[in-house]
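Undergrad: Predicted structure and sequence below. I'll ask about it afterward.
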Amino acid sequence: NGCVVNNQVTVNAALPIIAEFPRDTFYVDLGHQTQLTLNIGNLDSTVIEWSSEKTPDYLNFTCGNCSELSPVSSTPFTNNYFVKVYDKENPSCYKTASVSVIVSNEVAIPNVFTPNADNVNDKFYPVFNNKEVKLREFKIYNRWGQIVHQEATMGWDGTFESIQQPVGSYKYFIVYEKLNTSTGKTELKNRSGTFTLLR
């Protein structure tokens, strides 16, 4: 009919999705808590999905200053955390980020063991909080200073040259890798002490 109608439509560009951590690695001592602060920009209706390489993840989202954006990790072992961030209206468009919490290696040494073939405490071996720990040396001496075990990859079963060793006190000496949480570098540490063989 010869009429012309002009309409103006404003289309707002979608805000970019951001998923960033201020640092990609934290070096911590065993027992230390680490707050993982995630930057997602100014998105509304954002969905954040956390996951971890190892379980349990030891993430706390409900402490006094914790939230989905800044949980606290109390992991006793080295772990990698991953996040996926997306708008709930458009989940196919997302960003991911990751952060590592590297926990210093700590060692616990039993003070007694009972190699009596009952499958309970039958071998003497250092216990570490990280499976990635490398034990470089592991030696056991009897009361006369004779080495009765020196295999770093195996626990001692209480025998020497296939002969059961007597009940009593023994000395251990170990060399292992330990993370320096100040420098992020691995150092060699040694430790020695005594333990008791019982039957």
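TA: Happy to help now that I have it.

Undergrad: which stretches of the chain have low pLDDT?
TA: For the chain, applying pLDDT under 70 flags the ranges 1-2, 5, 10-15, 43.

Undergrad: Grab the most central residue of it for me.
TA: For the chain, the residue nearest the mean C-alpha position is T78 (1.8 Å; Cα atoms, centre = their mean).

Undergrad: Tell me if I'm right that it and E106 touch.
TA: No - look at T78 against E106 with Cβ atoms under 8 Å: they stay out of range, at 11.6 Å. The C-beta positions use only the backbone N, C-alpha and C, and glycine is treated the same way.

Undergrad: check contacts around S52.
TA: Going by Cβ atoms under 8 Å, 6 or more residues apart in numbering, S52 touches L59, N79, N80, Y81, F82.

Undergrad: Distance-wise, check it relative to N80.
TA: 7 Å (Cβ to Cβ, to the nearest Å).

Undergrad: Helix or strand: which one has the closest residue to G31 other than its chain neighbours?
TA: Distances taken as Cβ to Cβ, 6 or more residues apart in numbering put P76 closest to G31, at 7.6 Å, once the chain neighbours are dropped. According to DSSP states H and E, P76 maps onto no helix or strand at all.

Undergrad: ok, P76 touching Y58?
TA: Yes - here P76 reaches Y58: they are 7.2 Å apart, a contact under Cβ under 8 Å.

Undergrad: When these two are compared, which one has more neighbours?
TA: Neighbours around P76 and Y58, counted as other Cβ atoms under 10 Å, are more numerous at Y58. The numbers are 19 against 14.

Undergrad: Return the residues in contact with the more buried one.
TA: Going by Cβ under 8 Å, 6+ apart, Y58 touches S73, S74, T75, P76, N79.

Undergrad: let's see 7 Å
TA: If a contact means Cβ atoms under 7 Å, 6 or more residues apart in numbering, then Y58 has S73, S74, T75 as its contacts.

Undergrad: how many other residues sit next to the closest residue to the first one other than its chain neighbours?
TA: Distances taken as Cβ to Cβ, 6+ apart put T34 closest to S73, at 4.8 Å, once the chain neighbours are dropped. Applying the criterion other Cβ under 10 Å, we find 17 residues in the vicinity of T34.

Undergrad: And T34, how far from P71?
TA: Distance from T34 to P71, by Cβ to Cβ: 10 Å.

Undergrad: surely the residue nearest to G31 meets N129?
TA: Yes - if you go by Cβ atoms under 7 Å, P76 and N129 touch, sitting 5.3 Å apart.

Undergrad: Provide the backbone phi and psi angles at A108.
TA: In terms of degrees, to the nearest 10, the main-chain angles of A108 are phi -120, psi 130.
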